[in-house]
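Q: Sequence below, structure please.
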Amino acid sequence: MDRGRKQYQQHRGNRRSGTSRRYPWRRRSCSSSGRFSRPRFAGPRARCLIVVAVVACFGLAIGLVLPYVSPPVARVTGEYVATGPVVEVLRTLVVDARQSGKGYKRDEFGYRQTDDDGNGCDIREDILARDLHDVRFTVAGGCVVRFGILEDPYTGRTIEFTRGTKSSTAVQIDHVVALENAWRSGASRWNRAQRHRFGNDPLNLLAVDGPANEEKGAASAAYWLPTNAEFRCTYVATQVAVKATYGLSVTPQEREAIAAVLRGCPSQQIPTRQTQ
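A: Coordinates of the predicted model:
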């Protein structure tokens, strides 16, 4: 009996002091003054961890938002300003949003109807002979290309050209500044001789992948660029050279699209393209 009473009194004493034999971990978190002590995160190390977590969350938020903010900021700060010799020429072009295709006819440009270099070959054969390698002609010493290999600038693919009713279209000759685009941007006011010169100018002609040429159609740089990104600088530089040579205008969207490409190649030069 005395032993049981002693254990009971000891248990009551433990309860008063905030401990228990049964639950030794249960202690009051009070200071000697009776107030609760500071939480565990109040220590220097804990505060450091909290700061690190807040900074990490802030950085993540910036990373998610920055892609939507950076383009306007870049335009204001000048990060997106294109420079270089082609850009200087681009700035001389007239910007005109009011372009009309009314009255356009492809035949107005006399493509393949002239022989400006007097070699007895039409311009398509001249461009095939210029842009293909391993060229074979139908007649030795002639100018009609029978076979050749094209390293296509628009797609980056290697294409075999074999003359034939169905196979010849695999390689087509593209007007880098499309004829309809030229019409819209000033050629509608030219005389016949000017249009024929433009339609057969080797500066504006390029042997390319047939399907890519058909996909492009009459689109300007604002709506179509080669899938081969490595050729885009040369492509838009050629368009600038052609439009500057012939006094053609650009739309605001076209000018911005060309400038956007040229931002990545400030050393790009104005191309000069010969028949040979």
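Q: okay, and for the stretch 1-150 of the chain, where does confidence drop off?
A: Residue ranges of the stretch 1-150 of the chain with pLDDT under 70: 1-43, 45-48, 51-52, 55-80.
Q: what about the strands in it?
A: Using DSSP state E, counting those that start in this stretch, the strands of the stretch 1-150 of the chain run over 133-137, 145-151.
Q: from those, which stretch is densest packed?
A: Among those, strand 145-151 has the highest mean neighbour count (mean count of other Cβ atoms under 10 Å), at a mean of 17. All C-beta atoms are positioned from the backbone trio N, CA, C, and that covers glycine.
Q: Adjacent strands (with direction) for it?
A: Counting by DSSP bridges, the strands paired with strand 145-151 are strand 133-137 (antiparallel), strand 158-162 (antiparallel).
Q: nearest to residue 247, of the strands of the stretch 1-150 of the chain?
A: For residue 247, the closest of the strands of the stretch 1-150 of the chain is strand 145-151, at 31.5 Å, according to Cβ to Cβ.
Q: Extract the C-alpha set from that closest one and format it as CSV.
A: The C-alpha coordinates for strand 145-151 follow below in CSV (Å, rounded to 0.1, in the frame of the first residue of the first chain):
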residue,chain,number,x,y,z
VAL,A,145,21.5,21.0,-118.4
ARG,A,146,20.7,17.2,-118.4
PHE,A,147,21.9,16.4,-114.9
GLY,A,148,23.4,18.0,-111.8
ILE,A,149,23.4,18.0,-108.0
LEU,A,150,21.9,20.9,-106.0
GLU,A,151,22.9,21.7,-102.4
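Q: domain ranges for this structure?
A: Domains of the chain are assigned by automatic domain parsing as 2-75, 83-262.
Q: Residue 89 contacts residue 239, doesn't it?
A: No - checked against Cβ atoms under 8 Å, the pair residue 89 and residue 239 is beyond contact range at 10.6 Å.
Q: Which residue of the two possesses the greater neighbour count?
A: Neighbours per residue (other Cβ atoms under 10 Å) separate residue 89 from residue 239, with residue 239 holding more: 27 against 16.
Q: in what helix or strand does that one lie?
A: For residue 239, the host element (DSSP states H and E) is helix 232-246.
Q: which residue packs closest to residue 169, ignoring adjacent ones?
A: Excluding its sequence neighbours, the residue lying closest to residue 169 (Cβ to Cβ, 6 or more residues apart in numbering) is residue 210, at 4.8 Å.
Q: Please tell me I have it right and that neighbour contacts residue 172.
A: Yes - with contacts counted by Cβ under 8 Å, residue 210 reaches residue 172, the gap being 4.5 Å.
Q: Can you check what pLDDT the model gives residue 198?
A: In this model, residue 198 is scored at 98, pLDDT.
Q: From residue 176, how far off is it?
A: From residue 198 over to residue 176 the distance is 11 Å, taken as Cβ to Cβ, to the nearest Å.
Q: Please write out the alpha-carbon positions of stretch 169-179 in CSV.
A: Taking C-alpha atoms only, stretch 169-179 is exported to CSV below (Å, rounded to 0.1, in the frame of the first residue of the first chain):
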residue,chain,number,x,y,z
THR,A,169,10.3,20.1,-111.2
ALA,A,170,12.4,18.7,-108.4
VAL,A,171,14.6,21.8,-108.9
GLN,A,172,13.0,25.1,-109.7
ILE,A,173,14.3,28.6,-110.3
ASP,A,174,13.0,31.0,-107.6
HIS,A,175,12.7,34.8,-107.9
VAL,A,176,14.0,35.7,-104.4
VAL,A,177,11.9,38.8,-104.5
ALA,A,178,8.8,37.2,-106.0
LEU,A,179,7.4,38.7,-109.2
